[in-house]
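Next one to model:
(2 chains)
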2 protein chains.
Amino acid sequence: MYKSKISISVRKNILDPQGKAVEHSLKSMGFEKILDTRIGKYIELVIDAGSEREALELSEDACQKLLANPVMEDYSIVVQKEGEDD
Amino acid sequence: MYKSKISISVRKNILDPQGKAVEHSLKSMGFEKILDTRIGKYIELVIDAGSEREALELSEDACQKLLANPVMEDYSIVVQKEGEDD
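Residues are numbered from 1 along each chain as shown, chains lettered A, B, ... in the order given. Next up, the predicted model:
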């Protein structure tokens, strides 16, 4: 059993209004050292795969077909054995 | 300059309807091996901090005060020097 942790965020050159809104809130709360904020999705999948490689391929496939928008978003996938923690 | 990557997800014992909806979509698309799906937020901060420790403390503080709901959500923070990549 594997756990796949997927981070999806809008591409660098695409405006992220939600991130900008949070950035302004942080600034007004005194977090002047936080210069940039971008907000995306975080998805955890539990996958019944035979190998880490298979879990990674399934995650990649799910991102391409459903989870992410490959035109506007970038994603990164980290697969680990269920139970392990970072 | 540091980049802070924050993953926020609803706690294990709290229902995640968005995750369930995506799980059903994945199943109907043939991803039978994906057993569980949970969806949360992914936030990237660029922080002008003097040290990794300061960047981590600022991120933690921002999570507690604004970004996460500590009652319903769990979060994990990874800080790295801007420019490095994993």
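
alpha carbons only for contacts and neighbour counts from here, please
OK.

Could you identify the longest strand within chain A?
Assignment by DSSP state E gives strand A:34-47 as the longest strand of chain A.

Buried residues in the following helix or strand past that strand, which are they?
Next along the chain after strand A:34-47, taking DSSP states H and E as the criterion, comes helix A:52-62. Buried residues in helix A:52-62, counted by 16 or more other CA atoms under 10 Å in any protein chain shown: A:52, A:55, A:56, A:58, A:59, A:60, A:62.

and helix A:52-62, anywhere near chain B?
Yes. Against chain B, helix A:52-62 shows contacts by CA under 8 Å from any CA of the partner chain at A:58, A:62.

so what does that helix touch, helix or strand wise?
strand A:2-10, strand A:73-81 (3 or more CA pairs under 8 Å, 6 or more residues apart in numbering or on different chains; DSSP states H and E).

what mean pLDDT would you report for the last one?
The one in question is strand A:73-81. For strand A:73-81, mean pLDDT rounds to 95.

Pull the residues that contact it.
With contacts defined as CA atoms under 8 Å, 6 or more residues apart in numbering or on different chains, strand A:73-81 is touched by A:1-11, A:52, A:55-56, A:59-60, A:63, A:68.

Kindly recompute the last result at 10 Å.
Outside strand A:73-81, the residues that touch it by CA atoms under 10 Å, 6 or more residues apart in numbering or on different chains are A:1-12, A:14, A:40-47, A:51-57, A:59-60, A:63-64, A:67-69, A:86, B:86.
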